[in-house]
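Student: Attaching a predicted model along with its sequence, questions to come.
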Amino acid sequence: MTNLLPESDTMMLFWTAVIALATIAYVVTSVRLLNINASTLKLTKSMFEATNRPFIAIGPIASHASGRSTRPELVFVHAKNVGNLPAKKIVAKINVLINKSNPQSSQFPCDEVILFPTTIEVFTVTFDNPDTMSAAFNSRLPIDVHVSVDYESVDQKKFTTNCHYHYNYTIEGFRIVDATWA
C-alpha cells in the first residue's frame, strides 16, 4: 500500500486536528467559565443589595389603657430602620382588631415619613371611643394588631414589612404571631 499523502502532509493534518480539538476544548471551557462568572456576579449583586438597603422592623407594640375616659387610650407601634440605607416614603397601615371587630380609630403620623438607619418612628393609634382598650382588657377580649409598612430605598426600590401581633394576657403584652418582608 502506498501512502496517498506525503509524510509531512500527514503530520500537518495530525497537528491540525490536535489544534482543532484543543481549540474546541478551550471554547467549551471558556463558555463554562463565563457562565460561572455570570452566576457569581448575579449572586454578588443580590448579596450587595440585601445588605445595602433599608429594612424596617416592627416592634415592640405597646398599649396605654387609662381606665378613665379623661385620658386617651392609645396603641403604639415602633418602626425601626435596621438597614444600612435610609428608607423614604414610609406609609404604615395599622389595623387593630378587638374580638375580630375593627373599632373606629385614627393614626398619627398618617403621612409619609423618612427613617435613617438606626432611627425609630412611633406610630400612634387613637380610638374614637376613649374606653376601647380598657373595655377590651377588662373583658379579656382577643386583641390583634396587623401592621403593614410600605417604603422605598433611595433608588426607588419598593419594600414591605407585614407583622401580626396578638395580646397575651399572661405576660400582659403583645407577642408577634407572624412577620413577612418583601
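Tutor: Arrived safely.

Student: helix or strand right after the worst-scoring helix or strand of the chain on mean pLDDT?
Tutor: Counting by mean pLDDT, DSSP states H and E, the chain has its least confident helix or strand at helix 132-139, which shows a mean of 86. Remark: after helix 132-139, the chain's next helix or strand is strand 143-152, criterion DSSP states H and E.

Student: for that next one, which positions count as buried?
Tutor: 143-152 (16 or more other Cβ atoms under 10 Å). (Glycine included, C-beta is placed from N, CA and C.)

Student: Tabulate the residues you listed (CSV), appending pLDDT and distance to Ile58.
Tutor: Shown next, in CSV, are these (pLDDT from 0 to 100; distance: Cβ to Cβ, whole Å):
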residue, pLDDT, distance to Ile58
Ile143, 92, 16
Asp144, 93, 14
Val145, 94, 9
His146, 95, 10
Val147, 95, 5
Ser148, 95, 9
Val149, 94, 7
Asp150, 94, 12
Tyr151, 94, 12
Glu152, 93, 17
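
Student: Distance to Ala62 added to these, as TSV?
Tutor: Compiled in TSV, the buried residues of strand 143-152 are given as follows (distance: Cβ to Cβ, whole Å):
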residue	distance to Ala62
Ile143	12
Asp144	15
Val145	10
His146	16
Val147	13
Ser148	19
Val149	17
Asp150	23
Tyr151	22
Glu152	27
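
Student: wait, which of these is closest to Ile114?
Tutor: Tyr151 (9.0 Å; Cβ to Cβ).

Student: what's the closest one in contact with, if anything?
Tutor: Taking Cβ atoms under 8 Å, 6 or more residues apart in numbering as the criterion, Tyr151 is in contact with 54, 56, 87-91, 115, 158-161.

Student: do Lys100 as well
Tutor: 142, 144.

Student: Look up the pLDDT of it for me, please.
Tutor: Lys100 carries a pLDDT value of 89.

Student: Give me the distance from the one helix or strand Thr16 maps to to the chain's centre.
Tutor: Using DSSP H and E, Thr16 sits in helix 7-51. Once both centres are worked out by Cα atoms, centre = their mean, to the nearest Å, helix 7-51 turns out to sit 38 Å from its chain's centre.

Student: Compare the contacts of Tyr151 and tell me which is most surrounded.
Tutor: Using other Cβ atoms under 10 Å as the neighbour test, these are led by Ala87, with 27 neighbours.
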